[in-house]
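Engineer: Sequence and computational prediction follow.
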Amino acid sequence: NLSLGVVGLANVGKSTFFQAITKSTLGNPANYPFATIEAEKSFVVVESEKLNHYQKLFQSIKKVPTSLTVYDIAGLTRNASTGQGLGNKFLSDIRMVDGVFHVVRGFRNDDITHIEHSVDPVRDITIVTDELILKDLDYIETAKESARKTLKKPFADKAAVEFELELLERLSDTLYCGTKASSVEWLDTEIDVINQLNLLTAKPTVYLLNVTVPDYVSGTNEFLDKVKEWIEENCPQDKLMLFSAEYETRLNELESADLQAYKAENGNMPSAFPGIVDSIRDALRLISFYTCGPKEAHQWTVQDGSTAPEAAGAIHTDFKKSFISAQVYKWEDLKEEAAPLDEASLKSRGKQLRVGKTYFVEDGDVMVVKTGR
Ligand code: GDP
């Protein structure tokens with residue numbers, strides 16, 4: 001299961017975001033910095049219209065959506081990389097996640113303490129990013145030292161280690177310029193080495209600007225252009241989204257009639273969360289395939305570019321090895337179908353595909369895997 005970390009300066013709304021998106025009461029929102037000191041863990045259920053449609057088509061009793069694990073990671077401050085405050089704890093928590101939600105405060109409110117004493121999202125993003133970069137530089141120094149030691153050993157693969165050393169040198173140069181590792185286009189051979197380093201600035205990131213309810217409803221914010229510019233300049237591969245922790249919290253708290261009224265007051269603005277979940281899944285290049293039967297319609301997550309045996313391995317580890325073939329229906333062919341699904345008709349129209357080991361799974365595929373055992 002892939003995991004995400006919620007990061008940002010203290011008191012920007014991370015815990016509030018975490019609780020709202022995971023609909024949990026974990027985390028610890030409080031109006032003072034450092035309320036969050038342990039990484040809290042929870043799950044986000046990924047909403048899928050395809051899964052809803054498939055459940056109807058296959059008349060499955062229940063549906064099993066895919067989920068993402070989310071960690072609310074302790075807030076960090078300027079100088080976290082040198083071990084001030086809760087910095088080091090924060091930085092080791094974030095190393096284990098696959099992707100990052102970087103929450104930035106874009107709302108003014110004098111009652112809510114800002115750790116840097118004013119609201120300035122670009123400055124905040126820079127502080128957090130610089131700390132991540134400094135920590136990565138530390139890791140790279142350690143990696144260089146151990147590579148140099150390896151080079152002295154009699155049976156070392158000299159060419160490979162020299163390649164690594166040269167790459168580490170270029171990585172340091174990149175980071176010293178203030179550029180995140182993920183902002184450079186690396187070769188596949190380089191990516192293999194970089195992935196092992198687990199760098200903080202190599203993680204796919206979605207920036208979330210936490211704004212007031214009116215700002216969210218109108219899609220505007222006084223800081224929006226500046227933040228966009230910063231991202232465009234520093235990490236154009238990363239996405240920026242507006243959301244309002246306050247609005248999301250209200251949507252979760254209110255019930256039926258009150259909820260309808262509150263939404264109506266706010267132009268019936270939907271939650272930002274489905275879009276936010278889609279963005280991070282895109283950033284991580286995740287897709288879903290489905291297995292559907294009378295008992296359940298089940299959504300599975302794999303990385304884009306996975307072969308059919310790799311996808312089968314997501315269902316059960318053994319299936320990867322024992323995979324023989326799979327029967328596939330494509331979303332395009334099923335989306336207009338009505339329940340109950342007429343499989344014989346699909347077959348006669350050539351819409352029931354038989355695929356082998358080299359087939360690349362696509363988002364929306366419904367698969368029946370045939371294994372050797
Ligand atoms: P964290 O330290 O980043 O995890 O921040 P919290 O989620 O604990 O939030 C800090 C304070 O800001 C709490 O009092 C929240 O209620 C408040 N807060 C968070 N998001 C919003 C928001 O969108 N609007 C307003 N007005 N207050 C917020």
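Structural biologist: Now that the structure is in, tell me what you want to look at. Numbering: from 1, shown residues only.

Engineer: check which helix or strand covers the residue lying closest to residue 259 once chain neighbours are set aside.
Structural biologist: Of all residues not flanking residue 259 in the chain, residue 251 sits nearest, at 6.9 Å (CB to CB, 6 or more residues apart in numbering). All C-beta atoms are positioned from the backbone trio N, CA, C, and that covers glycine. Using DSSP states H and E, residue 251 maps to helix 245-253.

Engineer: Check residue 12 too.
Structural biologist: Using DSSP H and E, residue 12 falls outside every helix and strand.

Engineer: ok, now how distant is it from residue 167?
Structural biologist: 34 Å (CB to CB, to the nearest Å).

Engineer: When those two are compared, which one has more neighbours?
Structural biologist: Set side by side, residue 12 and residue 167 show more neighbours around residue 12, with 29 against 20, by other CB atoms under 10 Å.

Engineer: Please name the residues that touch the closest residue to that one other than its chain neighbours.
Structural biologist: In space, residue 12 comes closest to residue 105 once its chain neighbours are excluded; the distance is 3.8 Å by CB to CB, 6+ apart. Counting by CB atoms under 8 Å, 6 or more residues apart in numbering, residue 105 touches 8-9, 11-13, 114, 119, 121, 124, 210.

Engineer: Go through these and name the one nearest the ligand.
Structural biologist: Taking CB to the nearest ligand atom as the measure, residue 13 is the one of these closest to the ligand, at 3.1 Å.

Engineer: neighbours around the closest one, how many?
Structural biologist: Applying other CB under 10 Å, we find 26 residues neighbouring residue 13.

Engineer: if we can go back for a sec, can you read off the pLDDT for the residue nearest to residue 259?
Structural biologist: On pLDDT, residue 251 comes in at 93.

Engineer: Can you pull up the residues of the stretch 151-300 of the chain that come close to the ligand?
Structural biologist: Taking CB under 6 Å from any ligand atom as the contact definition, the stretch 151-300 of the chain meets the ligand at 210, 244-246.

Engineer: what would those look like in TSV with pLDDT and neighbour count?
Structural biologist: Converted to TSV, these look like this (pLDDT from 0 to 100; neighbours: other CB atoms under 10 Å):
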residue	pLDDT	neighbour count
210	96	25
244	97	29
245	95	28
246	95	18
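
Engineer: picking up where we left off before, nearest to residue 307 among the contacts of residue 105?
Structural biologist: Top of the list for closeness to residue 307, among those and by CB to CB, is residue 8 at 37.3 Å.

Engineer: for the stretch 201-350 of the chain, what spans make up the strands?
Structural biologist: Applying DSSP state E, counting those that start in this stretch to the stretch 201-350 of the chain gives strands spanning 205-210, 239-243, 286-292, 296-303, 323-329.

Engineer: okay, these, which one's buried deepest?
Structural biologist: strand 205-210 (a mean of 25; mean count of other CB atoms under 10 Å).

Engineer: counting contacts, what elements does that strand pack onto?
Structural biologist: Identification of packing neighbours for strand 205-210 by 3 or more CB pairs under 8 Å, 6 or more residues apart in numbering; DSSP states H and E yields strand 99-105, helix 224-234, strand 239-243, helix 273-283.

Engineer: switch to 6 Å and redo it
Structural biologist: If you count contacts as 3 or more CB pairs under 6 Å, 6 or more residues apart in numbering; DSSP states H and E, strand 205-210 packs onto strand 99-105, strand 239-243.

Engineer: Which among the ones you listed is found nearest to residue 186?
Structural biologist: strand 99-105 (17.6 Å).
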